[in-house]
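In: heads up, no residue letters with this:
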Ligand code: GDD
Ligand code: MN
């Protein structure tokens, strides 16, 4: 498998499972400096899966060109394990992107991930698979579910781990609160839950990204004991904690309406300049009448705003409704909402000025503010329906 050299910001999950015959399950093993662990882990996982779903799975090691030659060891195992594939990434690094890259080339209907250092007991794979078989959209191995735990963690480490979880609960209750161990890097998810979703993970916590961006109505959990590392070293440094915080904040902004409303505001602001520029052009250079110029320039501004909103403000939604026809429908709706907004604004200004006796400029300002919200909500609910 060739390594991807693309910049990762947007990671669409392929709609179809690879070019070959689809498999039932793809297990990703992300590795960095796991030369002493990879062989044993591949052996154990393969043995379990071979018994459970013979010929219907694959194991993909995604190694970031480890100096200790983990990728080479894995590649040499391929003759012994026909279900094994190895991706050696040269230009990209990072745990979360490694997992997504693996999933992008995976052929399985169910996508899974397990740490490459044997801290995740392979036998839990069967219990996770059991949850999927029962109909789960996702199965998460949890240290906090029944039968789960950590071996010999210090008070400080436990405190940090819990603190991170609580922080997540405060910032993203609807995401982090859905599982008992949101930090887990040991889970399975059905491909169909991720199709069309754009993942832009940051740092270590891929599960949070999947929970936030995917559609996973039913989540099963399985308790597991997080083992001590016997070989190699953990790659966790202070950077991972900072990345985690950035990840949470980024999700908070992109999930709630706040970030969207801000983008909508920026686009609206750009529309004012487009409107003025076109108005100037029509009046001064083409000598068009005042009313015609006003209508035409407003329409050009609406078109400008639509394009930016469709690409940026509501880009994530628009990408789920592809095609020129769909885009044109969204444009018609957007246009209608905006025109209705202009009429409503006129009514409001009149009401504030004539009935309430407001200052005319204050009246206009309040009306504009009201219309921004009107436009935002109606377009969110009608044009880009969520
Ligand atoms: N490809 C690749 N690239 N793999 C990586 C990278 C990277 O940049 N960094 C780490 N890994 C691999 C490691 O080789 C290991 O197999 C796994 O990712 C986890 O890394 P550790 O450094 O061992 O992290 P940990 O022991 O603290 O595990 C914590 O994070 C895991 C991942 O989210 C725990 O919270 C686990 O529960 C969790 O699964
Ligand atoms: Mn580890």
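Out: Ah, there it is. Just so you know, these numbers come straight off a predicted model, no measurement behind them. Ligands and ions are numbered 1, 2, ... in the order given.
In: Where does the stretch 51-200 of the chain get nearest to ligand 1, which residue?
Out: Among all residues of the stretch 51-200 of the chain, residue 185 sits closest to ligand 1, at 2.2 Å; criterion: Cβ to the nearest ligand atom. The C-beta positions use only the backbone N, C-alpha and C, and glycine is treated the same way.
In: which residues sit in contact with that residue?
Out: Contacts for residue 185 were tallied using Cβ atoms under 8 Å, 6 or more residues apart in numbering; they are 95, 113, 114, 115, 120, 204, 205, 206, 207.
In: Please, which helix or strand holds the fourth one?
Out: I take that to be residue 115. Residue 115 is part of no helix or strand, with elements assigned from DSSP states H and E.
In: for ligand 1, what are the nearby residues on this structure?
Out: Along the chain, the residues adjacent to ligand 1 under the rule Cβ under 6 Å from any ligand atom are 30-32, 34, 62-64, 93-95, 98, 115-117, 119, 183-186, 204-205, 234-236.
In: Okay, now the sheet partners of the top strand by length along the chain, with direction.
Out: In terms of residue count, the longest strand belonging to the chain (DSSP state E) is strand 23-31. Partner strands for strand 23-31, per DSSP bridges, with pairing direction: strand 57-63 (parallel), strand 108-113 (parallel).
In: Just the strands from the stretch 151-300 of the chain, written as ranges.
Out: With strands called from DSSP state E, counting those that start in this stretch, the stretch 151-300 of the chain shows them at 187-190, 219-223, 225-226.
In: closest one to residue 293 among these?
Out: Closest approach to residue 293 among the strands of the stretch 151-300 of the chain is made by strand 187-190 (54.4 Å; Cβ to Cβ).
In: Pull out the buried residues from the closest one.
Out: 187, 188, 189, 190 (16 or more other Cβ atoms under 10 Å).
In: State the pair within the residues you listed that is farthest apart.
Out: When the buried residues of strand 187-190 are compared pair by pair using Cβ to Cβ, the two farthest from each other are 187 and 190, 11.3 Å apart.
In: shared neighbours of these two, anything?
Out: With contacts defined as Cβ under 8 Å, 6+ apart, the residues adjacent to both residue 187 and residue 190 are residue 138.
In: re the thing from before, model confidence at the residue of the stretch 51-200 of the chain closest to ligand 1, what's the number?
Out: Turning to residue 185, the model gives it a pLDDT of 97.
In: Would you mind measuring from it to residue 246?
Out: Residue 185 sits 18 Å away from residue 246 when distances are taken as Cβ to Cβ, to the nearest Å.
In: which residue does the stretch 251-386 of the chain bring closest to ligand 2?
Out: Nearest to ligand 2 in the stretch 251-386 of the chain, going by Cβ to the ion, is residue 251, at a distance of 23.6 Å.
In: and that residue, what does it touch?
Out: Applying Cβ under 8 Å, 6+ apart to residue 251 gives the contacts 171, 172, 175, 208, 209, 212.
In: Most neighbours of all those residues, which one?
Out: With neighbours taken as other Cβ atoms under 10 Å, the top of the contacts of residue 251 is residue 208, carrying 26 neighbours.
In: check contacts around the nearest residue to that one once chain neighbours are set aside.
Out: Once its chain neighbours are removed from consideration, residue 208 has its nearest residue in residue 182; the separation is 5.7 Å (Cβ to Cβ, 6 or more residues apart in numbering). Counting by Cβ under 8 Å, 6+ apart, residue 182 makes contact with 165, 168, 175, 176, 205, 207, 208, 211.
In: May I have the phi/psi pair for residue 182?
Out: When quoted as degrees, to the nearest 10, the phi and psi of residue 182 stand at phi -70, psi -10.
In: pLDDT score assigned to it?
Out: Looking at residue 182, its pLDDT stands at 95.
In: For the chain, what lies in contact range of ligand 2?
Out: Along the chain, the residues adjacent to ligand 2 under the rule Cβ under 5 Å from the ion are 117, 119.
In: where in the chain is pLDDT low?
Out: By pLDDT under 70, the weakly predicted segments of the chain are 1-21, 386.
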